[in-house]
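Undergrad: Just to be clear, the model below is a prediction. Sequence and coordinates:
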Amino acid sequence: MLGSLAILLAPFSPSPAFSFNRLSRFPSPPSLPAADFLKVASRRLPLATKTHPMSTMAADEEYVGNVKRQLAKIFEISLKETVPDEPDIEPLIAACTAKFGDYQCNNAMGLWSKIKGKQTPFKGPPSVGQAIMKNLPPSEMIESCSVAGPGFVNIVLSKNWIAQNLQSMLINGIDTWAPRLPFKTAVVDFSSPNIAKEMHVGHLRSTIIGDTLARMLEFSHVEVLRRNHVGDWGTQFGMLIEYLFEKFPNWEEVTEAAVGDLQAFYKASKLRFDSDPVFKERAQQAVVRLQGGEPKYRKAWAQICEISRNEFHKVYQRLGVHLEEKGESFYNPFIPRVLEELNEKGLIEESQGARVIKVEGVNIPLIVVKSDGGYNYASTDLAALWYRLNKEKAAWIIYVTDVGQDQHFQMVFKAAKRAGWIPADDTLYPKTTHVGFGLVLGDDGRRFRTRSSEVVRLVDLLDEAKTRSKAAILERETSKDWPEEEVEKTAEAVGYGAVKYADLKNNRLTNYTFNFDQMLSDKGNTAVYLLYAHARICSIIRKSGKDIEELKKIGKIVLDHPDERALGLHLLQFSEVVEEACNNLLPNVLCEYLYNLSEIFTKKFYSNCQVVGSPEETSRLLLCEATATVMRKCFYLLGIVPVYKI
């Protein structure tokens with residue numbers, strides 16, 4: 001039983017076989033360097049105005065929730081007037097890392113390097129920054145500006161403008177804050193287990209990360225094709241089919257319960273294949289018959305696949321993950337025509353009996369037809385890529401697998417560029433990206449396994465998380481009045497959410513240690529702490545006795561207290577954080593935002609701003625509701641179910 005989850009007792013505190021296993025290799029990934037931040041001194045100046053009127057509330061609707069983009073629209077006008085002879089200067093807007101403002105325009109130094117030596121009234125970056133500031137059009141968005149160091153223009157947003165945007169979100173819904181990405185359709189290829197093998201902890205990261213990326217892109221108005229590229233084709237199916245025939249004479253009637261543990265079934269068939277030459281020969285003939293389309297073998301193959309799907313569904317159901325299966329077998333019919341196209345373009349060469357594509361920067365070629373004439377996973381991945389580009393018209397194709405598969409995918413992508421399928425410039429669409437991730441480790445620093453050195457079954461891991469969470473909930477006095485259904489749902493939300501968040505909060509390229517006690521703690525950066533914070537906000541609103549929907553219509557948000565303003569500003573940065581997480585395919589960016597939001601609410605706003613019973617009650621209740629609304633959307637994007645009491 002998990003003592004650290006006493007959340008309700010504690011005070012609120014802040015083989016040459018063809019089928020390709022995409023999770024088969026887990027080398028240690030490199031760590032990313034920390035970012036350095038420049039801090040500069042500042043001199044406060046009044047905001048100068050020009051004769052270009054611009055209401056930022058009337059800025060492009062697609063940017064309604066994105067502060068950076070709205071500021072960029074304003075500074076674009078200023079830059080055109082400041083340096084009219086330098087076309088297409090993109091405003092460089094960033095959130096401030098110093099205490100002198102909320103945002104910063106960082107164009108001055110780059111502009112100076114362009115115009116230095118030309119006839120110009122400027123004497124250096126600071127004077128360029130001064131001019132950028134003075135040429136800003138009037139805006140209800142900006143309260144004041146200042147120029148710091150080598151021309152950085154610091155921006156202080158109007159607290160009234162922040163409040164108006166929060167109020168608008170509450171009335172019109174948080175979906176109005178969704179980013180607008182410059183493409184319509186994406187394929188996210190994730191999870192991808194192998195048929196007849198149990199889903200284990202190695203599939204955890206691909207499934208969780210892929211689902212979150214899909215959710216963020218869907219929120220951002222992208223049509224996402226969620227693809228489960230399961231390993232359902234190849235030579236191993238011969239041994240599985242023959243073992244099925246041998247063990248179950250009435251194999252057409254065999255059920256999932258009769259087969260039992262799929263992993264044990266696979267191991268037993270593999271043992272027969274390796275130790276019995278007669279069985280091995282039958283299995284090899286079975287592959288030929290399967291690929292030749294004999295009905296008996298196709299039916300047995302389909303039966304094995306369906307039993308596996310039922311097992312996979314148990315995991316996906318617990319995680320709340322939805323995918324559309326298009327496995328290796330789906331793309332198999334497209335391989336010959338794809339290879340013919342590549343051959344016509346002169347990409348395919350003969351090498352030691354095999355047919356290969358050479359790619360720049362890699363010593364080994366990409367084998368697309370083996371020396372025995374068979375296809376492999378490179379053949380399948382090229383066919384899948386061709387299909388996704390030509391049939392599904394995807395603009396961005398994202399593959400979520402372990403970092404050990406990176407070289408394979410980079411070779412496939414380079415082959416696609418040589419073929420002219422995708423641009424050589426990775427900033428243009430359509431494009432492909434491999435989303436790699438590191439190992440899940442145990443407390444011993446090695447790959448996470450059971451005590452018997454078996455790979456941990458994912459369904460067992462999730463069930464244990466729920467069991468531990470339920471035990472902690474039942475320790476609480478208040479939970480004794482809860483109906484059993486509520487206890488079960490809360491235990492699932494907390495347990496499964498804790499597993500997901502413990503993964504997603506880490507940069508995906510790094511390894512992380514799986515530890516139930518840490519992930520189910522109510523202290524620190526955990527899902528439990530965040531869910532608890534959300535439940536507390538909901539409790540504050542309930543205890544007020546006020547109808548929050550009515551308050552949205554008649555109430556007004558006021559941000560006079562510094563901690564009210566700090567909370568409002570952080571809420572308003574939600575859209576740009578989601579956009580950053582989408583563009584860089586990094587769910588941890590959203591996790592960091594969510595944790596910081598909880599900290600600001602708890603340690604600043606909640607600690608210093610009385611809500612219920614205060615003169616500012618209506619405004620502060622609306623701030624509570626805005627915070628809960630943003631938190632719930634963050635939870636949704638991370639695949640976590642919120643709880644409203646705990």
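TA: That came in fine, so what should we check first?
Undergrad: ok so residue 363 is a strand residue?
TA: No - according to DSSP: H, G, I helix; E, B strand; the rest coil, residue 363 belongs to no strand; its state is coil.
Undergrad: What is the burial count for it?
TA: Residue 363: 6 surrounding residues under other Cβ atoms under 10 Å. (Each C-beta comes from the backbone N, C-alpha and C, glycine too.)
Undergrad: ok, it to residue 437 distance?
TA: Look at residue 363 and residue 437: by Cβ to Cβ, to the nearest Å, they are 26 Å apart.
Undergrad: swap in residue 63?
TA: On the measure of Cβ to Cβ, residue 63 and residue 437 end up 32 Å apart.
Undergrad: Between these two, tell me which one has more neighbours.
TA: Per other Cβ under 10 Å, whichever of residue 63 and residue 437 has more neighbours is residue 437, with 26 against 19.
Undergrad: mind checking the SS state of the more buried one?
TA: Assigned by three-state DSSP, the conformation of residue 437 is coil.
Undergrad: Surely residue 356 is within a helix?
TA: No - counting by three-state DSSP, residue 356 falls outside a helix, being strand.
Undergrad: so who does the nearest residue to it once chain neighbours are set aside touch?
TA: Leaving aside its chain neighbours, residue 356 sits nearest to residue 365 (3.6 Å; criterion: Cβ to Cβ, 6 or more residues apart in numbering). Contacts for residue 365 (Cβ atoms under 8 Å, 6 or more residues apart in numbering) come out as 349, 351, 356, 357, 358, 359.
Undergrad: what about the second one, neighbour count?
TA: In other words, residue 351. By other Cβ under 10 Å, the residues close to residue 351 number 14.
Undergrad: pLDDT score assigned to the nearest residue to residue 438 once chain neighbours are set aside?
TA: Excluding the flanking residues, the one nearest residue 438 by Cβ to Cβ, 6+ apart is residue 511, at 4.0 Å. Residue 511 carries a pLDDT value of 92.
Undergrad: Residue 527 versus residue 511, what's the distance?
TA: 20 Å.
Undergrad: same thing with residue 562?
TA: 29 Å.
Undergrad: And for residue 302?
TA: From residue 302 to residue 527 the distance is 39 Å (Cβ to Cβ).
Undergrad: between these two, who's got more neighbours?
TA: Each of residue 302 and residue 527 has its neighbours counted (other Cβ under 10 Å); residue 527 has more, 28 against 12.
Undergrad: who touches the residue positioned nearest the centre of the chain in this structure?
TA: Central residue of the chain (Cα atoms, centre = their mean): residue 213, 3.1 Å from the mean position. Contact analysis of residue 213 by Cβ under 8 Å, 6+ apart lists 188, 190, 398, 400, 435, 582, 585, 587.
Undergrad: Quick check, pLDDT for the fifth one.
TA: Looking back up the chat, that one is residue 435. pLDDT, read off for residue 435, is 97.
Undergrad: Same question for the one 5 residues further on.
TA: For residue 440, the model assigns a pLDDT of 90.
Undergrad: Please tell me I have it right and it contacts residue 206.
TA: No - between residue 440 and residue 206 there is no contact under Cβ atoms under 8 Å: 10.9 Å.
Undergrad: Report how many residues lie close to the closest residue in space to residue 421 that isn't next to it in sequence.
TA: Residue nearest to residue 421 in three dimensions, not counting chain neighbours: residue 389, with 5.7 Å by Cβ to Cβ, 6+ apart. Using other Cβ under 10 Å, the number of residues around residue 389 comes to 18.
Undergrad: Am I right that residue 389 sits in a helix?
TA: Yes - read with three-state DSSP, residue 389 is one of the residues of a helix.
Undergrad: ok, it - contacts?
TA: Listed by Cβ under 8 Å, 6+ apart, the contact partners of residue 389 are 397, 421, 422, 430.
Undergrad: just the buried members of those residues?
TA: Neighbour-count burial (16 or more other Cβ atoms under 10 Å) applied to the contacts of residue 389 gives 397, 421, 422, 430.
Undergrad: pretty sure the third one is in contact with residue 414, am I right?
TA: No - using Cβ under 8 Å, residue 422 is not in contact with residue 414, being 9.9 Å away.
Undergrad: Mind jotting down where the helices sit in the stretch 401-550 of the chain?
TA: 406-418, 458-474, 484-504, 516-519, 527-544, 548-554 (DSSP state H, counting those that start in this stretch).
Undergrad: Check the stretch 101-250 of the chain too.
TA: Applying DSSP H, counting those that start in this stretch to the stretch 101-250 of the chain gives helices spanning 108-115, 125-134, 159-172, 204-219, 236-247.
Undergrad: With distance to residue 371 added, can I get the ones you listed in CSV?
TA: Below are the helices of the stretch 101-250 of the chain laid out as CSV (distance: least, Cβ to Cβ, whole Å):
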stretch, distance to residue 371
helix 108-115, 54
helix 125-134, 62
helix 159-172, 61
helix 204-219, 31
helix 236-247, 19
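Undergrad: what about residue 171, distance to residue 179?
TA: Plainly put, residue 171 is 20 Å away from residue 179 if you go by Cβ to Cβ.
Undergrad: These two: who's more crowded?
TA: Each of residue 171 and residue 179 has its neighbours counted (other Cβ under 10 Å); residue 179 has more, 25 against 10.
Undergrad: Find the nearest non-adjacent residue to the more buried one, please.
TA: Per Cβ to Cβ, 6+ apart, closest to residue 179 is residue 579, 3.9 Å.
Undergrad: Just to check, that neighbour is in contact with residue 178?
TA: No - the pair formed by residue 579 and residue 178 falls short of the contact definition of Cβ under 8 Å, at 9.3 Å.
Undergrad: Common neighbours of the two, please.
TA: Shared contacts of residue 579 and residue 178 (Cβ under 8 Å, 6+ apart): residue 220.
Undergrad: Now do the same contact list for residue 625.
TA: Residue 625 makes contact with 170, 541, 548, 551, 552, according to Cβ under 8 Å, 6+ apart.
Undergrad: from the residues you listed, which would you call buried?
TA: The neighbour count (16+ other Cβ under 10 Å) marks 170, 541, 548, 551 as buried among the contacts of residue 625.
Undergrad: closest to residue 219 among those?
TA: residue 170 (17.9 Å; Cβ to Cβ).
Undergrad: what sits against the closest one?
TA: Applying Cβ under 8 Å, 6+ apart, we find residue 170 in contact with 552, 622, 625, 626, 629.
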